[in-house]
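1. return a 3D structure for these sequence lines:
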Amino acid sequence: QLQLVESGGGLVQPGGSLRLSCQASLDDFEYDVITWFRQAPGKEREPISCVSGNGTNTRYSEAVKGRFTVSRDNAKKTVYLQMNSLEPEDTAVYYCASRSTLVPTMCFMTSKDIDFWGQGTQVTVSS
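-> Purely as a prediction, here's the structure:
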C-alpha cells in the first residue's frame with residue numbers, strides 16, 4: 001500500500017504554473033510534516049518546502065521562495081504545492097515525504113528521519 005502518491009506534474013512553458021498534489025494514506029495525518037523535495041538530472045535531491053501538520057508553519061528554500069506555495073487539507077489528507085513563474089531550472093522529479101512528529105507546528109527541511117517517500121512526479125519546464 002502506497003502511503004504517499006504525488007500527481008500533477010507535466011510539461012509547462014517558462015513562466016507557467018503547475019499544482020502538485022501529495023495524497024496520503026497515513027493515520028494521524030495531522031501529526032505528519034510533509035516536505036517537498038526535488039531532484040534534477042545529475043544533482044542531489046534537495047528539500048524545497050515543508051508544511052507542518054496543522055498547516056500553520058511553512059518554509060521554503062531560497063530557490064523557490066516567492067514562487068511556490070505549500071498548503072494542506074487534512075480532511076482530504078492532501079498536500080499541495082502551487083508552483084508559479086516556473087523556470088527551466090525547476091525541471092526535476094518532485095517528491096513528497098512525510099515525517100511524524102508530536103508537535104503539529106514543526107516543519108523540517110531535511111531528509112533525516114523521513115518515514116515515507118512518494119514515488120515522484122516529473123516536472124519539465126521548457127519552451
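2. for stretch 77-91, buried residues please.
-> Burial within stretch 77-91, assessed by neighbour count using 16 or more other CB atoms under 10 Å, is assigned to Lys77, Thr78, Val79, Tyr80, Leu81, Met83, Leu86, Asp90, Thr91. C-betas here are computed from N, CA, C, even on glycine.
3. those in strands, which ones?
-> With strands taken from DSSP state E, the overlap with these comprises Thr78, Val79, Tyr80, Leu81, Met83.
4. mind showing which ranges of the protein have poor pLDDT?
-> Along the chain, segments meeting pLDDT under 70 span 1-2.
5. can you give me the strands for it?
-> Taking DSSP E as the test, the strands found in the chain are 4-7, 10-12, 18-24, 32-39, 46-51, 58-60, 68-73, 78-83, 92-100, 116-117, 121-125.
6. so for Met109, which of those strands sits nearest?
-> Ranking these by distance to Met109, with CB to CB as the measure, places strand 46-51 first at 4.3 Å.
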